[in-house]
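In: Would you be able to build a 3D model of this:
(6 chains)
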Number of protein chains: 6
Amino acid sequence: MPLSARNQLDATVSGVKHGSVMSVVTVRLSGGEEITAAITRDSAEALSLGDGDRVTAIIKATEVILSKD
Amino acid sequence: MPLSARNQLDATVSGVKHGSVMSVVTVRLSGGEEITAAITRDSAEALSLGDGDRVTAIIKATEVILSKD
Amino acid sequence: MPLSARNQLDATVSGVKHGSVMSVVTVRLSGGEEITAAITRDSAEALSLGDGDRVTAIIKATEVILSKD
Amino acid sequence: MPLSARNQLDATVSGVKHGSVMSVVTVRLSGGEEITAAITRDSAEALSLGDGDRVTAIIKATEVILSKD
Amino acid sequence: MPLSARNQLDATVSGVKHGSVMSVVTVRLSGGEEITAAITRDSAEALSLGDGDRVTAIIKATEVILSKD
Amino acid sequence: MPLSARNQLDATVSGVKHGSVMSVVTVRLSGGEEITAAITRDSAEALSLGDGDRVTAIIKATEVILSKD
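Out: Residues are numbered from 1 along each chain as shown, chains lettered A, B, ... in the order given. Modelled structure (predicted):
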């Protein structure tokens, strides 16, 4: 997808929890790590996200913090 | 690390480019995916980030966008 | 595009300025308003963004601040 | 308003949905596009946002992603 | 903490409100100012945040908007 | 200022560094803490930010991460 967002990670939905206006969606990367996304409930429903769906997690480079181990 | 940020991914620095006030750092996850972080140059220098450094990429759940494949 | 990001605005590139690692791109909406995006230079070059290009400006709902007039 | 945020779009509130701690507010730009903002419910109530209110949607340049059509 | 996030402010939790999937946490800085954080409810519970807890509020430099008085 | 952004901190500019397209501005809060903002150079110049200027640092609640000490 020709997006300026540098970070586009293939993932599989592993959990969806709906609140009244927000939803929290957990996805699993190929390496096994889990990523959580907080999106509007309208978005989650528009995409009808459910367990096992193949998705891409998109993250702008300006949103990533690094810590040195 | 007891952070509220849900997403903390182990990674290894694979590239650092310094601009005048910003730096762009590329890190590689265990599954092979690369993540790019745009941080201030002061931060990159304070952490003295260099190739091969073990880091954690931290991303708040509210910053993650999902697209359905 | 099946993105969870609620805000996807059609626009036309009206200006691109490259810094050493970041680029600032200005785009114009149908109503005439201008939107500025600060993205990595790598992204701007990967998309080879230039004046007149048709683009979509994508903004997550959690990033929008409102002020009452 | 003398804000560093580059993007300040005049808009009219077209919908407000309150959750328990978050609210989702939809506003319409002059060109007809809709923008959705996810803000805290405390903010939405402090501004007493309602349909038809004139607002400004404020978005930092670092939060805008571009995709090329 | 060796984080790239430039802004790390010592604070004390002064209020926690849980929604269904999001929580809003208010903390007080040494100078008396209050800062509000909207985080996932899972995070708030994982940290078991409560009134009087000593915390650090972490904010990436790219997320700060300035207005001139 | 009637902004939905919950966090509006009074501060004084203590440093400005201009890059080619981005600027990094440091401000000091009443309690002595410093906050760094990475903004576009166009914004820094439009506000003609300089040492000693009184400003407000504005941060959306969704951008704040908490860590427990």
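In: what about A:G50, how many residues close to it?
Out: 11 (other CB atoms under 10 Å in any protein chain shown). (Glycine included, C-beta is placed from N, CA and C.)
In: Quick check: it is in a strand.
Out: No - counting by DSSP: H, G, I helix; E, B strand; the rest coil, A:G50 falls outside a strand, being coil.
In: I'd like the average pLDDT over stretch A:38-46.
Out: Mean per-residue pLDDT for stretch A:38-46: 97.
In: whoops, I mixed them up, stretch A:11-26
Out: pLDDT averaged over stretch A:11-26 gives 98.
In: Using CSV, write out every CA atom in it.
Out: Taking C-alpha atoms only, stretch A:11-26 is exported to CSV below (Å, rounded to 0.1, in the frame of the first residue of the first chain):
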residue,chain,number,x,y,z
ALA,A,11,-0.5,-9.4,11.7
THR,A,12,-3.5,-11.6,12.7
VAL,A,13,-6.3,-10.4,15.0
SER,A,14,-6.2,-12.2,18.3
GLY,A,15,-8.7,-10.3,20.3
VAL,A,16,-11.4,-7.5,20.0
LYS,A,17,-13.0,-5.7,22.9
HIS,A,18,-15.7,-3.2,22.2
GLY,A,19,-16.4,-0.2,24.6
SER,A,20,-19.1,2.3,24.0
VAL,A,21,-17.2,4.5,21.6
MET,A,22,-13.7,2.9,21.5
SER,A,23,-12.5,-0.6,20.8
VAL,A,24,-9.3,-2.3,21.7
VAL,A,25,-7.9,-4.8,19.2
THR,A,26,-5.0,-7.1,19.8
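In: Next, see if it gets close to chain F.
Out: No - against chain F, stretch A:11-26 shows no contacts by CB under 8 Å from any CB of the partner chain, the least distance being 10.1 Å.
In: buried residues in that stretch?
Out: The neighbour-count check on stretch A:11-26 (16 or more other CB atoms under 10 Å in any protein chain shown) flags A:A11, A:V13, A:V16, A:K17, A:G19, A:S20, A:V21, A:M22, A:S23, A:V24, A:V25, A:T26 as buried.
In: Can you name the residues bridging to A:A57?
Out: Beta-bridge pairing for A:A57 (DSSP bridges): A:L9, B:L66.
In: ok, it touching A:Q8?
Out: Yes - applying CB atoms under 8 Å as the test, A:A57 and A:Q8 come out as touching, 7.4 Å apart.
In: Looking at those two, which is more packed in?
Out: A:A57 (24 against 16).
In: so what's that one up against?
Out: Taking CB atoms under 8 Å, 6 or more residues apart in numbering or on different chains, we find A:A57 in contact with A:N7, A:Q8, A:L9, A:A11, A:V27, A:L29, A:I35, A:A37, B:V64, B:I65, B:L66.
In: same question, A:R6
Out: Counted by CB under 8 Å, 6+ apart, A:R6 has contacts A:I59, A:K60, A:A61, B:I35, B:T36, C:T40, C:D42, C:S43.
In: Filter these down to the ones in strands?
Out: Per DSSP state E, strands hold the following members of these: A:I59, B:I35, B:T36, C:T40.
In: do you know how far the first one is from chain B?
Out: Remark: distance between A:I59 and chain B (CB to the nearest CB, to the nearest Å) = 6 Å.
In: just checking, that residue touches A:A5?
Out: Yes - using CB under 8 Å as the test, A:I59 is close enough to A:A5 to be in contact (6.6 Å).
In: Common neighbours of those two, please.
Out: Joint contacts of A:I59 and A:A5 (CB under 8 Å, 6+ apart) are B:I65.
In: Might you enumerate the residues of chain A proximal to chain C?
Out: Counting by CB under 8 Å from any CB, chain A sits next to chain C at A:1-6, A:37-40, A:42-44, A:46-47, A:58, A:60-62.
In: Restricted to helices, list those residues.
Out: A:D42, A:S43, A:A44, A:A46 (DSSP state H).
In: if we take these, which one ends up nearest to chain D?
Out: Closest approach to chain D among these (CB to the nearest CB): A:D42, at 6.9 Å.
In: Name the nearest residue to the residue in chain A positioned nearest to chain B, sequence neighbours excluded.
Out: Per CB to the nearest CB, A:G31 is where chain A lies closest to chain B, at 2.7 Å. Closest residue to A:G31 apart from its sequence neighbours, by CB to CB, 6 or more residues apart in numbering or on different chains: B:G31 at 2.7 Å.
In: Only the buried subset of the contacts of A:A57, as a ChimeraX command please.
Out: The ChimeraX selection below is limited to those of the contacts of A:A57 classed as buried (16+ other CB under 10 Å):
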select /A:7,8,9,11,27,29,35,37 /B:64,65,66
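In: near chain D, which residues of chain A show up?
Out: Near chain D, when you scan chain A using CB under 8 Å from any CB, you find A:1-5, A:19-22, A:40-42, A:58, A:60, A:62.
In: any idea which element A:A11 lies in?
Out: strand A:7-18 (DSSP states H and E).
In: Summarise which helices and strands that strand is packed against.
Out: Strand A:7-18 makes packing contacts with strand A:22-29, strand A:34-40, helix A:41-46, strand A:54-59, strand B:34-40 when contacts are defined by 3 or more CB pairs under 8 Å, 6 or more residues apart in numbering or on different chains; DSSP states H and E.
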